[in-house]
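S.K.: I need the structure of the sequence given here:
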Amino acid sequence: MLYFFVTLVVFALVMAAMAIGYIVQRKTISGSCGGLGSVGVEKACDCPDPCDNRKKKMAKEEARRKMLEENRII
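M.R.: Predicted coordinates:
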């Protein structure tokens, strides 16, 4: 049980240190290499023409957005 409490305290201290560092630096959290944006890729799939599954998903999202917009109460 002692190992559990020691581990819990260490993790809490590390999380507190990260939170303080974030507050002090006022920087957004990002990966070390910058991700796909650093190599000029706008999205994970940078295809000019999306595949059929992606087209279906986009159509479904658009239909849902339209339905929500039409049935908005406020």
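S.K.: please enumerate the helices of the protein.
M.R.: Secondary structure of the chain by DSSP state H: the helices cover 2-25, 52-70.
S.K.: lowest average confidence across those helices, which one?
M.R.: Within the helices of the chain, confidence is poorest for helix 52-70, with a mean of 89 (mean pLDDT).
S.K.: and R54, how many residues sit next to it?
M.R.: If you count neighbours by other C-beta atoms under 10 Å, R54 ends up with 12. Glycine gets a C-beta too; all of them are placed from N, C-alpha and C.
S.K.: likewise V6?
M.R.: If we define neighbours as other C-beta under 10 Å, then V6 has 10 of them.
S.K.: N71 now?
M.R.: Considering only other C-beta under 10 Å, N71 is surrounded by 7 other residues.
S.K.: do the same with T7
M.R.: Here the number of neighbours of T7 (other C-beta under 10 Å) works out to 10.
S.K.: quick one: it from M18, how far?
M.R.: 17 Å (C-beta to C-beta, to the nearest Å).
S.K.: K66 now?
M.R.: If you measure K66 against M18 using C-beta to C-beta, the figure is 42 Å.
S.K.: V10 too?
M.R.: V10 sits 13 Å away from M18 when distances are taken as C-beta to C-beta.
S.K.: pull up the gap between V10 and F4, please.
M.R.: In terms of C-beta to C-beta, V10 sits 11 Å off from F4.
S.K.: quick one, grab the pLDDT at D46.
M.R.: What the model reports as pLDDT for D46 is 58.
S.K.: er, C51 actually
M.R.: C51 is assigned a pLDDT of 79 by the prediction.
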